[in-house]
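Asks: this one's structure only:
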């Protein structure tokens, strides 16, 4: 059994495991909890009502969070010529072609996101076994394969995040930092939920968002009442 800190146990005692909390209540608990020595990440975990083994029911997309995510994103751009120059200009941390693909194949992973151009996808496919399992393989679906890398990189620096369900039908999302105001966290959550609802597979029947939990890096999960998500697109 994992050993929990005194702080974790104190916070957990304030949470009713059988209660479905509103977003306001859950964020309120997060904002009221004792701070640690670093700025904790605030996460949103969602259980989707999909068959994750069905390729036609995969949920994948991207959205630019209005308040960002509160951390520097290390971006790798696989590009050549003008696209490579544009990527550097917009702040890509690493830019290159064959030499970087080879580094990835050997285990280099000092980056958080990967973007590339359509003409480089065939070459990058060689690193698919490394990037794919980590959810880092670029895709037209999330806009990370484009001839306009400068635009994509600029959006990423502003707070663009990608999401993709895992093999269990779950989404694991970053919505900000514990230092964010409650209203900023709410804005980010609303943007994410709108994007996730937009990507609902046509073949998905019944409940789409079954469960949702908010937590911080070092804190327990707080279960959210998902019924309120239906009103978010109206906001």
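Replies: Structure received. These numbers come from a predicted model, not from an experiment.

Asks: tell me how far the residue nearest to residue 165 when sequence neighbours are not counted lies from residue 162.
Replies: Closest residue to residue 165 apart from its sequence neighbours, by C-beta to C-beta, 6 or more residues apart in numbering: residue 59 at 4.7 Å. C-beta here means a position set from N, CA and C on the backbone, and glycine is covered the same way. As judged by C-beta to C-beta, to the nearest Å, residue 59 and residue 162 stand 11 Å apart.

Asks: how about residue 121: what's its closest non-neighbour residue?
Replies: residue 145 (6.1 Å).

Asks: ok, residue 61 next?
Replies: With C-beta to C-beta, 6+ apart, the residue lying closest to residue 61 is residue 199, at 4.4 Å.

Asks: straight-line length of stretch 135-143, end to end?
Replies: Distance between the boundary residues of stretch 135-143 (C-alpha to C-alpha, to the nearest Å) amounts to 14 Å.

Asks: so residue 22 touches residue 228, yeah?
Replies: Yes: between residue 22 and residue 228 there is a contact under C-beta atoms under 8 Å: 6.3 Å.

Asks: grab the longest helix from this structure for me.
Replies: helix 182-198 (DSSP state H).

Asks: could you point out which element follows that one?
Replies: Proceeding N to C from helix 182-198, the next assigned helix or strand is strand 209-216, under DSSP states H and E.

Asks: how far off centre is that following strand?
Replies: A distance of 13 Å separates the centroid of the chain from that of strand 209-216, by C-alpha atoms, centre = their mean, to the nearest Å.

Asks: list the helices and strands the following helix or strand past that strand packs on?
Replies: Next helix or strand after strand 209-216 toward the C-terminus (DSSP H and E): strand 222-223. Applying 3 or more C-beta pairs under 8 Å, 6 or more residues apart in numbering; DSSP states H and E, we find strand 222-223 packed against helix 23-32, strand 209-216.

Asks: who does strand 222-223 pair up with?
Replies: Strand 222-223 has the following strand partners under DSSP bridges: strand 209-216 (antiparallel).

Asks: grab the nearest non-local neighbour of the spatially most central residue of the chain.
Replies: Using C-alpha atoms, centre = their mean, the residue of the chain that lies closest to the mean C-alpha position is residue 173, 4.0 Å off. Closest residue in space to residue 173, ignoring its immediate chain neighbours: residue 44 at 4.5 Å, by C-beta to C-beta, 6+ apart.

Asks: who does the one you found form a beta bridge with?
Replies: When assigned by DSSP bridges, residue 44 has beta-bridge partners residue 173, residue 214.

Asks: could you do residue 177 as well?
Replies: Going by DSSP bridges, residue 177 forms beta bridges with residue 41.

Asks: ok, it - contacts?
Replies: 39, 40, 41, 42, 69, 70, 71 (C-beta atoms under 8 Å, 6 or more residues apart in numbering).
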